[in-house]
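Chemist: Sequence and predicted model, in that order:
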Amino acid sequence: MARRAKFITFEGLEGCGKTTQIRAVEKHFRKIGKKVLATREPGGTDLGNELRSLLLMQRKEPLSSWAELFLMEAARAQHYTHVLRQALDTYDLVLCDRFTDATLAYQGGGRGLDPKTIELLNEKAAPGCRPDLTLFLDLEPRQALKRALTRMSASGGVREDRFENEELAFHTRVRETYLDIARREPKRLCVVDAVGSPETITSTLISRICERLSLPP
Ligand code: T5A
């Protein structure tokens, strides 16, 4: 049976504005009467949130790339089983902050793990679950990290996210992997310039969603 919801994923480098944009897009579609769920990976479940904390914390003993991949996939399997599977049958729109492309970009492009193995694990964790549309908020790595750091200092936080502490070359590889997926799957992955006011970017995203998924604006 075809699923009811349109499954839309948001991707990009840290600080590109995904959280800001998902909130605005969710608000827009709720206002016009759509039943919308916003969720995220890693996260979205109790176990997923625990794994998220483990994945993001700085640690004396570095996390091996494979351990990182397996923890991401464990969070995804839990999220798919307990949230996504049902949500895709009951909501009109499911908006997810990161999904399987993030694993290809970060653990594949960033860490250099084999993309075929990642694709296999993605499929095991969330069988047959492909986004209808993926919005990649594209921002130059230096700018994205600057935004992430500004937000962190504004909230009085310290720089403690393992991924945000990665060198520029890592984020450049991650971005290149996303752009490569966009070249291979232009119908699904839509690249949106993340430079500009948040309001302008929100209207671009809403237009792309409506055009690509044939929804009324
Ligand atoms: N990960 C995840 C993997 O390695 N593999 C995987 O398979 C998956 C699923 C957590 C980490 O997990 C990794 C990747 C990540 O490193 P996350 O929760 O998505 O993933 O964490 P971040 O990407 O770090 O998300 P952030 O919340 O830090 O950044 P956002 O959501 O992109 O940005 P946002 O909206 O919080 O904005 C950041 C700052 O910029 C400002 C905001 O006000 C805020 O201060 N801002 C703008 N400034 C100027 N112009 C605009 N248009 C702006 N929009 C927002």
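Modeler: That came through fine.
Chemist: Could you see whether the ligand lies near stretch 32-45?
Modeler: Yes - applying C-beta under 6 Å from any ligand atom, one finds that stretch 32-45 is in contact with the ligand at 41-42. For every residue, glycine as well, the C-beta is placed using N, CA and C.
Chemist: Return that stretch as PDB; C-alpha atoms alone will do.
Modeler: C-alpha atoms of stretch 32-45 as PDB (Å, rounded to 0.1, in the frame of the first residue of the first chain):
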ATOM      1  CA  ILE A  32      -2.700  25.500   6.100                       C
ATOM      2  CA  GLY A  33      -4.200  22.500   7.800                       C
ATOM      3  CA  LYS A  34      -1.600  19.700   7.100                       C
ATOM      4  CA  LYS A  35      -0.800  17.100   9.700                       C
ATOM      5  CA  VAL A  36       2.900  17.500  10.100                       C
ATOM      6  CA  LEU A  37       5.500  15.600  12.100                       C
ATOM      7  CA  ALA A  38       9.000  17.100  12.500                       C
ATOM      8  CA  THR A  39      11.700  14.700  13.800                       C
ATOM      9  CA  ARG A  40      15.400  14.200  13.600                       C
ATOM     10  CA  GLU A  41      18.300  11.800  13.300                       C
ATOM     11  CA  PRO A  42      20.200  10.800  15.300                       C
ATOM     12  CA  GLY A  43      17.300  11.100  17.800                       C
ATOM     13  CA  GLY A  44      13.500  11.000  17.600                       C
ATOM     14  CA  THR A  45      13.200   8.200  20.200                       C
END
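Chemist: Show residues contacting that stretch.
Modeler: Stretch 32-45 is contacted by residues 5, 22-23, 26, 29-30, 48-49, 51-52, 55, 71-72, 75-76, 78-79, 82-84, 87, 90-99, 102, 216 when judged by C-beta atoms under 8 Å, 6 or more residues apart in numbering.
Chemist: Going C-terminal from the lowest-mean-pLDDT helix or strand in the chain, what's the next secondary structure element?
Modeler: Ranked by mean pLDDT, DSSP states H and E, the helix or strand of the chain with the weakest confidence is helix 141-154, at a mean of 84. Per DSSP states H and E, the first helix or strand lying C-terminal to helix 141-154 is helix 168-184.
Chemist: on that earlier part again, now do the least confident helix or strand of the chain against helix 168-184, angle only.
Modeler: An angle of 120 degrees separates the directions of helix 141-154 and helix 168-184 when computed by axes from the mean of the first three to the mean of the last three C-alpha atoms, to 10 degrees.
Chemist: for helix 141-154, packing partners?
Modeler: Packing partners of helix 141-154 (3 or more C-beta pairs under 8 Å, 6 or more residues apart in numbering; DSSP states H and E): helix 168-184.
Chemist: does any bit of the helix it packs on sit next to the ligand?
Modeler: No - using C-beta under 6 Å from any ligand atom, helix 168-184 never reaches the ligand; the gap is at least 8.2 Å.
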